[in-house]
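Undergrad: My questions concern the predicted model and sequence given below.
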Number of protein chains: 2
Amino acid sequence: MAGSNITLKQLSSILGVSISTISKALNDSHEISDATKKRIVEMAKLHNYQPNKIAVGLKSGKTNTIAVVIPSVQNSFFARALYGIESLISETNFNIIVCLTKESHAKEVETFNMLSNGVVDGFIVAVCEETQNLQNYDHFTNAMANGKSVVMFDRVIDSVNCGKVTTNDFSALSEATQALIGSDRKHIVLLSTIHKLNVGKLRTQGYIKAMEAAGFSPTILESDDQHAGAVMTEYLNTNSVDAIIALDTDASLAALKAVKTNNKQIPKDVAVIGYVSERMAHNLTPELTTINQHSYTIGNAAASMIVEAIRTKSKDMNQVVISSTLSVRDSS
Amino acid sequence: MAGSNITLKQLSSILGVSISTISKALNDSHEISDATKKRIVEMAKLHNYQPNKIAVGLKSGKTNTIAVVIPSVQNSFFARALYGIESLISETNFNIIVCLTKESHAKEVETFNMLSNGVVDGFIVAVCEETQNLQNYDHFTNAMANGKSVVMFDRVIDSVNCGKVTTNDFSALSEATQALIGSDRKHIVLLSTIHKLNVGKLRTQGYIKAMEAAGFSPTILESDDQHAGAVMTEYLNTNSVDAIIALDTDASLAALKAVKTNNKQIPKDVAVIGYVSERMAHNLTPELTTINQHSYTIGNAAASMIVEAIRTKSKDMNQVVISSTLSVRDSS
DNA sequence: CTGAAAGCGCTTACAG
DNA sequence: CTGAAAGCGCTTACAG
């Protein structure tokens, strides 16, 4: 154990047995007699032999490694989805490499190019904002042309023929809006910091559809993370509002704060529905009604889809929808 | 591009030049003439040649990959530290593999064993709770004996001789406590959901020291994540409290909520100091005074330390302390 | 300036 | 049942 792991070659000279025999014995091949198997396995254990994964990978062309390419991990949705992915993968003999794109197309492309050749067997990806805007998807199709499996989750590109795990963003927002309308809210405002993303657009459309169906005119406030609170506050100062739907964690906290500083009661004067983790929802005042995306389940589904795809080398990828549900708490 | 990446061998038969020459040309060796270099590089580009990292790794014994082994990513400290690690690493030619231990010693050991042989060049680790309790550190020392570099951050084991990045947990809590005492708070309660971790113990000791120095008796409420709110509320019902220090995000939100539901004003009746991300602190009502751990900087420092260690193969590892600072906002 | 050969650590037909 | 040989895709002394 002085400096580096023992190899089959070293084991071979210790035992006076050929490298092939040792390899077979350690892989429990039926070709080897029980007696020698026993000797070899014992000696391997004694020296804490660990097969060199890199060599195995080179030989087999499989690395048992999956890349998870996501924009960020500071967002509770991705953090929890990653947890779901990792939980399933760690039950298999695969490993995961996590790469954060920070919404940069260049970084996403580089990641795919770097890992496509020999490093990973497949990719789980939530497509970054810039890629969605540029509509340049060559890195995905190239990886697939090179025999890698690809599964997209949440941030999905319809025109790329890969596995997909999505949520029902459109109808979840319709339903949430309808629920507010059903409890007599009329001036329902949508606060979005993710209007540039496809998921944001889908959610917005779901809201618009429900509003128009009820004969109300939609009001959409768009802002970046930093200014959501200010934008909301300003709107509250000059308009009557009796409900807010916020499309991510930042917007949700900002909405709660804006209503409170405006001296309105939640939910009496203004109902609030947001997107935050369950744990956080319980610790807010009042406890926040949320659209629950089941991020853990989404991650789990994406992971099981890619493992399946790699194992079966199947080409026809399927599409799974994990429905979001409305968790009604005290804020609505 | 039909099925899998092109190799040097294929390039060799296309160009009618030996594999060695191609390898040298692509690595810009001075041995090769500019003319052939040009030809080779152009053809490689045309066929989108990407060197097989696995083969390079096997040959060189270096993989340019670093494992980041952390308990979780659902905690804003680790999420942001990971962001700091990733940001620095992505500027280098290293990659990171992220492994989540979920506080399980077995998982941590397995991760180190799996990756120690050939897969990674080094480890950045925040030691899991169970390992701290069991005090079994063989997986760390074995990895180091196998020539891998190890850097611990935040969750650190004093007796293991590796690189370390920590924060001044003890003195940060002393100072926060003193600040509360300085503004005439007398009944200061500590709310902890991390009392089993070394960092939790250090923070608690810092609080105790400051309280005792001022002649006050410390009050420490311990709970798991789920019940912090209930524990805090119960205490508030039967005791007089004029300040709370909460040791992580869950405890911080729970403390705010408990005070509000107890119909006390923040900070007039009860001051609150907590541990949450800056972004979240701004979106809470009132804006929360926090002990800011500079998690991004800690991650960055750990990453730069391991890159340095791997590049120089130096054995004497250093220790860096990133000081936490008190960010005073409206809650105190 | 170019190429043949050895080798990184493994696995697996193929011989014996 | 055991072992010699080839090969995964690369790099790098060593010859020419």
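TA: Great, that's in hand.
Undergrad: The residue lying closest to A:Ser76 once chain neighbours are set aside: neighbour count?
TA: Once flanking residues are discounted, A:Ser76 sits nearest to A:Ser277: 4.4 Å by Cβ to Cβ, 6 or more residues apart in numbering or on different chains. Quick note: C-beta positions are derived from backbone N, CA and C, even for glycine. When neighbours are defined as other Cβ atoms under 10 Å in any protein chain shown, A:Ser277 has 18 of them.
Undergrad: same deal with A:Met305?
TA: 25.
Undergrad: Check A:Ile181 too.
TA: Other residues lying near A:Ile181 total 18 when counted by other Cβ under 10 Å.
Undergrad: That one reaches A:Ile188, doesn't it?
TA: Yes: judged on Cβ atoms under 8 Å, A:Ile181 makes contact with A:Ile188 at a distance of 7.2 Å.
Undergrad: so what's whatever residue of the stretch 101-250 of chain A ends up closest to DNA strand C up against?
TA: The nearest approach of the stretch 101-250 of chain A to DNA strand C comes at A:Gly118, 11.9 Å away (Cβ to the nearest atom of the strand). The contact partners of A:Gly118, taken as Cβ atoms under 8 Å, 6 or more residues apart in numbering or on different chains, are A:57-58, A:63, B:5, B:52-55.
Undergrad: C-terminal to the lengthiest helix in chain A, what's the next element?
TA: For chain A, the longest helix by residue count, based on DSSP state H, is helix A:295-312. The helix or strand immediately downstream of helix A:295-312 is strand A:319-322, counting by DSSP states H and E.
Undergrad: can you map out the helices along the stretch 1-150 of chain A?
TA: With DSSP state H, counting those that start in this stretch as the criterion, the stretch 1-150 of chain A has helices at A:8-15, A:19-26, A:34-46, A:53-60, A:76-89, A:105-116, A:129-134, A:138-145.
Undergrad: Please identify the most buried of those.
TA: Ranked by mean neighbour count, those are led by helix A:76-89 with a mean of 23 (mean count of other Cβ atoms under 10 Å in any protein chain shown).
Undergrad: before we move on, back to that, give me the common contacts of A:Ile181 and A:Ile188.
TA: A:211, A:216.
Undergrad: Show me which of the contacts of A:Gly118 has the smallest pLDDT value.
TA: When the contacts of A:Gly118 are compared by pLDDT, B:Asn5 scores lowest at 79.
Undergrad: what's the closest non-adjacent residue to that one?
TA: The shortest distance from B:Asn5 to any non-neighbouring residue, by Cβ to Cβ, 6+ apart, is to A:Asn117 (4.6 Å).
Undergrad: So what does the one you found have for phi and psi?
TA: With angles defined as degrees, to the nearest 10, A:Asn117 sits at phi -100, psi 90.
Undergrad: How about the contacts made by it?
TA: A:Asn117 sits in contact with A:146, B:5, B:50-53, where contact means Cβ under 8 Å, 6+ apart.
Undergrad: Who wins on neighbours among those?
TA: Neighbour counts for the contacts of A:Asn117 (other Cβ under 10 Å) peak at B:Lys53, which has 22 neighbours.
Undergrad: do you know how far A:Thr297 is from A:Thr325?
TA: Going from A:Thr297 to A:Thr325 by Cβ to Cβ, to the nearest Å gives 11 Å.
Undergrad: neighbour count winner among the two?
TA: A direct count of neighbours by other Cβ under 10 Å for A:Thr297 and A:Thr325 places A:Thr297 higher, at 17 against 14.
Undergrad: For the residue nearest to the more buried one when sequence neighbours are not counted, grab the count of nearby residues.
TA: Of all residues not flanking A:Thr297 in the chain, A:Ile322 sits nearest, at 5.3 Å (Cβ to Cβ, 6+ apart). Residues lying near A:Ile322 (other Cβ under 10 Å) number 21.
Undergrad: Kindly report the residues of chain A close to DNA strand C.
TA: Neighbours of DNA strand C within chain A, by Cβ under 7 Å from any atom of the strand: A:7-9, A:19-20, A:23-24, A:26-27, A:31, A:49-52, A:55-56, A:58-60.
Undergrad: Same list, the residues you listed, but only the ones touching chain B.
TA: Among the residues of chain A next to DNA strand C, the residues lying close to chain B (Cβ under 8 Å from any Cβ of the partner chain) are A:50-52, A:55, A:58.
Undergrad: residues touching the residue lying closest to A:Ser192 once chain neighbours are set aside, list them.
TA: Ranked by Cβ to Cβ, 6+ apart and with sequence neighbours excluded, the top spatial neighbour of A:Ser192 is A:Leu247, at 4.5 Å. For A:Leu247, the contacting residues are A:190-194, A:200, A:203-204, A:275, by Cβ under 8 Å, 6+ apart.
Undergrad: so A:Ile96 touches A:Ile66, yeah?
TA: Yes: between A:Ile96 and A:Ile66 there is a contact under Cβ under 8 Å: 5.2 Å.
Undergrad: Which of those two has more residues huddled nearby?
TA: Taking other Cβ under 10 Å, A:Ile96 and A:Ile66 do not tie; A:Ile66 has more neighbours (27 against 21).
Undergrad: Just to confirm, what confidence does the model report for that one?
TA: Turning to A:Ile66, the model gives it a pLDDT of 93.
Undergrad: Isn't it up against A:Val120?
TA: Yes: counting by Cβ under 8 Å, A:Ile66 does reach A:Val120; the two are 5.9 Å apart.
Undergrad: Tell me the first helix or strand C-terminal of the host helix or strand of A:Leu180.
TA: Under the criterion of DSSP H and E, A:Leu180 resides in helix A:169-182. With elements assigned by DSSP H and E, the helix or strand that comes after helix A:169-182 is strand A:188-192.
Undergrad: Quick one: mean pLDDT over that next one.
TA: Across strand A:188-192, the average pLDDT comes to 98.
Undergrad: And A:Asn64, how close does it get to A:Lys53?
TA: Counting by Cβ to Cβ, the gap from A:Asn64 to A:Lys53 is 8 Å.
Undergrad: Break chain A down into its domains, please.
TA: Annotated domains of chain A cover A:8-51, A:63-166+A:296-323, A:169-292 [automatic domain parsing].
Undergrad: and the shortest one, how far from the chain's centre?
TA: In other words, domain A:8-51. A distance of 42 Å separates the centroid of the chain from that of domain A:8-51, by Cα atoms, centre = their mean, to the nearest Å.
Undergrad: Then the last one?
TA: For domain A:169-292, the distance between its averaged C-alpha position and the chain's averaged C-alpha position is 23 Å (Cα atoms, centre = their mean).
Undergrad: measure that domain end to end?
TA: Taking Cα to Cα, to the nearest Å as the measure, domain A:169-292 stretches 11 Å from start to finish.
Undergrad: what's the answer for the longest one, then?
TA: When the termini of domain A:63-166+A:296-323 are compared using Cα to Cα, they are 33 Å apart.
Undergrad: Residues of the stretch 101-250 of chain A that sit close to chain B?
TA: So far as Cβ under 8 Å from any Cβ goes, the stretch 101-250 of chain A lies against chain B at A:107, A:113-119, A:142, A:145-147, A:225, A:229, A:250.
Undergrad: just the residues you listed that are near DNA strand D?
TA: Contacts with DNA strand D are made by A:117-118 out of those, judged by Cβ under 7 Å from any atom of the strand.
Undergrad: just curious, which of the residues of the stretch 101-250 of chain A next to chain B is nearest to A:Lys264?
TA: Distance to A:Lys264 across those (Cβ to Cβ) is lowest for A:Gly229, with 14.5 Å.
Undergrad: tell me the contacts of that closest one?
TA: Counting by Cβ under 8 Å, 6+ apart, A:Gly229 makes contact with A:254, A:257-258, B:282-283.
Undergrad: again, but for A:Leu197
TA: Applying Cβ under 8 Å, 6+ apart to A:Leu197 gives the contacts A:129, A:132, A:155.
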